[in-house]
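In: below is the structure, and that's it, no one-letter string:
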């Protein structure tokens, strides 16, 4: 089917019962949706696409979005109440977080104020400008605390693009990789798209995520992917089933 169409719609790629582990669907606590209605609409669209579960991941970032487990869980309850009213019972909605590896994250680790994605998995990210100076120390703290870090959207860190060996080093140090589906659509630019494809080809990608923040990104995602990217995604997306 991938050779007969110019662009493959997203709904034709999604494995039945897909679990999304990266999105920003809690209203008003980061740069994602602003209202519970926006959240419910996107969740409804995901349900129609065949998603079985959403583990949404608001940012936790010092000074900008210093969310705690309590603020996140409170917002989850608000969204779940709205889903009940709308009769959206065929999709599971829960939350973890996308933790910026900064001083606040180290504090949250020390205080055990962490919401895991599933079992001991946590989703982490770096600044788009550079990796943390103390990355190895942070990784050590994460491991000692019993967590397994999943690095969000490694294909978007431009400071690694010209030194692919850095990705190998990250994998060897203990990071798992989560690819943004939107990266292969070209949403973040051609370079991120190319690096995303190379990471897939090298076998570095462990999981996928939508990273949807708003209606526009949802629309782009639903439009689909060129065949050379689409044919790689279905088996990758199936790897998320372990989060059920």
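Out: Everything's here; your move. Note that the structure is predicted; figures quoted are calculated from it, not measured.

In: CA only for contacts and neighbour counts going forward, please
Out: Fine.

In: count residues in the vicinity of residue 187, would you?
Out: 15 (other Cα atoms under 10 Å).

In: the closest residue to it other than its chain neighbours in helix, strand or coil?
Out: Computed as Cα to Cα, 6 or more residues apart in numbering, the closest residue to residue 187 that is not its neighbour in sequence is residue 220, at 7.6 Å. Residue 220 falls in the helix class when you classify it by DSSP: H, G, I helix; E, B strand; the rest coil.

In: contact partners for residue 220?
Out: 182, 185, 187 (Cα atoms under 8 Å, 6 or more residues apart in numbering).

In: isn't the first one up against residue 210?
Out: Okay, so that is residue 182. Yes - contact criterion Cα atoms under 8 Å: residue 182 and residue 210 qualify, at 6.5 Å.

In: which strands or helices does the helix or strand of the chain with the lowest mean pLDDT pack on?
Out: Ranking every helix and strand in the chain by mean pLDDT, DSSP states H and E puts helix 227-238 at the bottom, with a mean of 93. Using 3 or more Cα pairs under 8 Å, 6 or more residues apart in numbering; DSSP states H and E, the elements in contact with helix 227-238 are strand 207-209.

In: now do the strands in the chain.
Out: Per DSSP state E, the chain carries strands over the ranges 18-20, 51-56, 59-60, 92-95, 98-100, 121-125, 148-152, 176-180, 207-209.

In: would JSON lines of these with mean neighbour count and distance to residue 81 be doable?
Out: Below are the strands of the chain laid out as JSON lines (neighbours: other Cα atoms under 10 Å; distance: least, Cα to Cα, whole Å):
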{"stretch": "strand 18-20", "mean neighbour count": "25", "distance to residue 81": "20"}
{"stretch": "strand 51-56", "mean neighbour count": "23", "distance to residue 81": "15"}
{"stretch": "strand 59-60", "mean neighbour count": "26", "distance to residue 81": "22"}
{"stretch": "strand 92-95", "mean neighbour count": "20", "distance to residue 81": "11"}
{"stretch": "strand 98-100", "mean neighbour count": "25", "distance to residue 81": "23"}
{"stretch": "strand 121-125", "mean neighbour count": "22", "distance to residue 81": "25"}
{"stretch": "strand 148-152", "mean neighbour count": "23", "distance to residue 81": "29"}
{"stretch": "strand 176-180", "mean neighbour count": "25", "distance to residue 81": "28"}
{"stretch": "strand 207-209", "mean neighbour count": "23", "distance to residue 81": "24"}
